[in-house]
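Student: Sharing a model that was predicted from the sequence below.
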Amino acid sequence: MNETDLIDAMKLLSVAILVGGAAIGSATGVGGVGAKLIESTARQPTQASMLQNKAFLMAGMLDAIPILAVAMALLILFGDPLA
């Protein structure tokens with residue numbers, strides 16, 4: 001095993017950790033937002049529309065994290081570390 005094989009293996013491992021961690025974190029966040037939305041709507045049914053708008057905004061912000069993680073993963077994967 002030479003040096004470039006080791007670098008390729010480390011790149012693949014780091015990309016997997018990066019994308020997997022971002023996906024798990026985002027899924028946990030969106031699940032928490034959804035749970036709190038249901039709880040809040042049950043307590044204040046008259047405010048359901050306002051709460052739903054804010055929950056969708058937060059879910060959209062949380063979904064931006066994995067998109068950025070995929071962009072960084074592609075940069076790591078296809079960038080040349082020895083250049």
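Tutor: Looks like it came in fine. Treat the numbers as computed from the prediction; the structure is a model and nothing was measured.
Student: list the contacts for Ala23?
Tutor: Residues near Ala23 by CB atoms under 8 Å, 6 or more residues apart in numbering: Pro66, Ala69. Quick note: C-beta positions are derived from backbone N, CA and C, even for glycine.
Student: Sticking with it, tell me its helix or strand.
Tutor: Here Ala23, judged by DSSP states H and E, is contained in helix 3-43.
Student: Touching stretch 68-83 from outside, list them.
Tutor: Residues outside stretch 68-83 that contact it (CB under 8 Å, 6+ apart): Ile7, Lys11, Leu12, Ser14, Val15, Leu18, Val19, Gly21, Ala22, Ala23.
Student: And it, what's buried?
Tutor: Within stretch 68-83, the residues scored as buried using 16 or more other CB atoms under 10 Å are Ala69, Ala73.
Student: where's the dip in pLDDT among the contacts of stretch 68-83?
Tutor: Ranked by pLDDT, those bottom out at Ile7, which scores 86.
Student: okay, now that residue: neighbour count?
Tutor: Look at Ile7: counted by other CB atoms under 10 Å, it has 13 neighbours.
Student: Pro66 too?
Tutor: Using other CB under 10 Å, Pro66 has 20 neighbouring residues.
Student: Report the central residue of the protein.
Tutor: Pro66 (3.0 Å; CA atoms, centre = their mean).
Student: Do I have it right that that one meets Val19?
Tutor: Yes - with contact defined as CB atoms under 8 Å, Pro66 reaches Val19; the gap is 7.2 Å.
Student: Please spell out which residues along stretch 28-48 are buried.
Tutor: Residues of stretch 28-48 classed as buried: Gly29, Val30, Val33, Leu37, Ser40, Thr41 (neighbour count, 16+ other CB under 10 Å).
Student: State the mean pLDDT of that stretch.
Tutor: Mean predicted confidence for stretch 28-48 is 94.
Student: Let's see it as PDB, backbone CA atoms only.
Tutor: Presented in PDB, the C-alpha positions along stretch 28-48 are these (Å, rounded to 0.1, in the frame of the first residue of the first chain):
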ATOM      1  CA  THR A  28     -32.800  14.800  14.300                       C
ATOM      2  CA  GLY A  29     -33.300  18.500  14.000                       C
ATOM      3  CA  VAL A  30     -36.200  18.300  11.600                       C
ATOM      4  CA  GLY A  31     -37.800  15.600  13.800                       C
ATOM      5  CA  GLY A  32     -37.500  17.900  16.800                       C
ATOM      6  CA  VAL A  33     -39.100  20.800  14.900                       C
ATOM      7  CA  GLY A  34     -41.900  18.600  13.800                       C
ATOM      8  CA  ALA A  35     -42.600  17.300  17.300                       C
ATOM      9  CA  LYS A  36     -42.600  20.800  18.800                       C
ATOM     10  CA  LEU A  37     -44.900  21.900  16.000                       C
ATOM     11  CA  ILE A  38     -47.400  19.200  16.800                       C
ATOM     12  CA  GLU A  39     -47.100  20.000  20.500                       C
ATOM     13  CA  SER A  40     -47.500  23.800  20.000                       C
ATOM     14  CA  THR A  41     -50.500  23.300  17.600                       C
ATOM     15  CA  ALA A  42     -52.200  21.100  20.200                       C
ATOM     16  CA  ARG A  43     -51.800  23.800  22.800                       C
ATOM     17  CA  GLN A  44     -52.700  26.800  20.600                       C
ATOM     18  CA  PRO A  45     -54.900  25.700  17.700                       C
ATOM     19  CA  THR A  46     -55.600  29.300  16.700                       C
ATOM     20  CA  GLN A  47     -51.900  29.900  16.100                       C
ATOM     21  CA  ALA A  48     -51.400  26.800  13.900                       C
END
